[in-house]
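Colleague: give the three-dimensional model of this entry:
(one chain, ligands or ions: 1)
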Amino acid sequence: MSTSPCTTPVARPSLAAAAPSTLGHLRRLSATLALALGTLGAQAAQSWDFSSTFTDFRTWTLLGNATASYDVPGNGFKYSELMLTQHHVGGQVGAGFAPAPLALDFNQDFDFHFTFFIPAGEVVRGDGFTFTLTDTPLLGSAGSGLGYDGTSSASVAFAVDTFHFNGEPVSPSLQVLAGGSVTPLAATETGLGDSIRVINYQWWGAVHYTASGLGDSAGTFTGTIENLDYGSFSVSSGVDFAALGLAGQPVYVGFTGANGLADDGHFITSAVPVPEPQPALLLLAGLGAVGWRLRRRQQN
Ligand SMILES: [Ca+2]
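Modeller: The predicted model follows:
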């Protein structure tokens, strides 16, 4: 394994890791169907996938230590990475938010999909990252604050918390957070231990919201992580977006992360195949050669 700090190849999915899982296939198929139905019906689907719909994180609002990169290494894929905290560098806190706010309807369901890596540092695991919906891009405190704690904007977050003190949910845990506090509304202890931060191991993340159906901008907010080796883990909480002050506001979507005394990296990634012109050209050239040989044979 590389020992140099902050190497993008560490975070880059291998070809195997970039190959979508079966669940990923189904997810994309259902997302495509939802989009198709959305354009046919009156209700547009509220669905976003930052992983398989290419997301250039260089265009995002980057706060604190967060940086973004873009790469086309010639392996048939193009990549962009949002690095919230740098691998092997402690004391980091960063955030990145999509540049344009969304007009989310909290009386309709919505979902977001993303992929992430937590390359392990060399000391204690920590601290984690959040997927955040907020009325203004935010950056909270480092360490256990996950780049979210202490912020005053109207917000809800899905946290992957990888470090705990005594009395807190045993890490790695999944949490629903709100109001700029890292005291969770709900938490699920995954029991994953250091498997959460196996180097170069890609996780799928998702946030699903199911509206109450009562027209009150409230519903059930669920965060999920999964991969083929370790399975799927979720946390759910009722969330009242009207009470939080997010209903009717422009909603910024993004991620925050921190590592404090630990030095794990926290990377959100996007990778899509790059269309390759060569095979099509070769095919045409091949057909042309066959045609020429057939014509020669007929002339002879
Ligand atoms: Ca924690």
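
Colleague: give me the nearest residue to residue 120, chain neighbours excluded.
Modeller: Computed as CB to CB, 6 or more residues apart in numbering, the closest residue to residue 120 that is not its neighbour in sequence is residue 197, at 4.2 Å. (Each C-beta comes from the backbone N, C-alpha and C, glycine too.)

Colleague: tell me who's in contact with the residue in the stretch 151-300 of the chain positioned nearest to the ion.
Modeller: Closest approach of the stretch 151-300 of the chain to the ion (CB to the ion) occurs at residue 161, with a separation of 4.2 Å. Taking CB atoms under 8 Å, 6 or more residues apart in numbering, we find residue 161 in contact with 127, 128, 146, 169, 171, 172, 173, 174, 175, 182, 187.

Colleague: spatially nearest residue to the fifth one, not counting backbone neighbours?
Modeller: It stands for residue 171. Counting by CB to CB, 6+ apart, residue 171 lies nearest to residue 164, which is 4.3 Å off, once chain neighbours are set aside.

Colleague: tell me the spacing between that neighbour and residue 142.
Modeller: Distance, residue 164 to residue 142, using CB to CB, to the nearest Å: 16 Å.

Colleague: give me the more crowded residue out of those two.
Modeller: Neighbours were counted for residue 164 and for residue 142 using other CB atoms under 10 Å; residue 142 has more, 23 against 19.

Colleague: mind checking pLDDT for the closest residue to the more buried one other than its chain neighbours?
Modeller: Spatial nearest neighbour of residue 142, excluding adjacent residues (CB to CB, 6+ apart): residue 93 at 3.8 Å. Looking at residue 93, its pLDDT is 98.

Colleague: count of neighbours near residue 93?
Modeller: The number of residues packed near residue 93 is 26, by other CB under 10 Å.

Colleague: give me the residue from the stretch 1-150 of the chain nearest the ion.
Modeller: In the stretch 1-150 of the chain, the residue that lies nearest the ion is residue 144 (4.5 Å; CB to the ion).

Colleague: quick one: secondary structure of that residue?
Modeller: Assigned by DSSP: H, G, I helix; E, B strand; the rest coil, the conformation of residue 144 is helix.

Colleague: ok, it touching residue 260?
Modeller: Yes: in this structure, residue 144 is within contact of residue 260 by CB atoms under 8 Å, at 6.7 Å.

Colleague: got any residues that touch both of those two?
Modeller: Residues touching both residue 144 and residue 260 (CB under 8 Å, 6+ apart) are 126, 127, 163.

Colleague: count the residues that sit near the first one.
Modeller: By that I understand residue 126. A total of 26 residues lie near residue 126 under the criterion other CB under 10 Å.

Colleague: does it sit in a helix, a strand or a coil?
Modeller: From three-state DSSP, the assignment for residue 126 is coil.

Colleague: can you pull the contacts of it?
Modeller: Going by CB under 8 Å, 6+ apart, residue 126 touches 143, 144, 162, 163, 171, 259, 260, 261, 262, 264.
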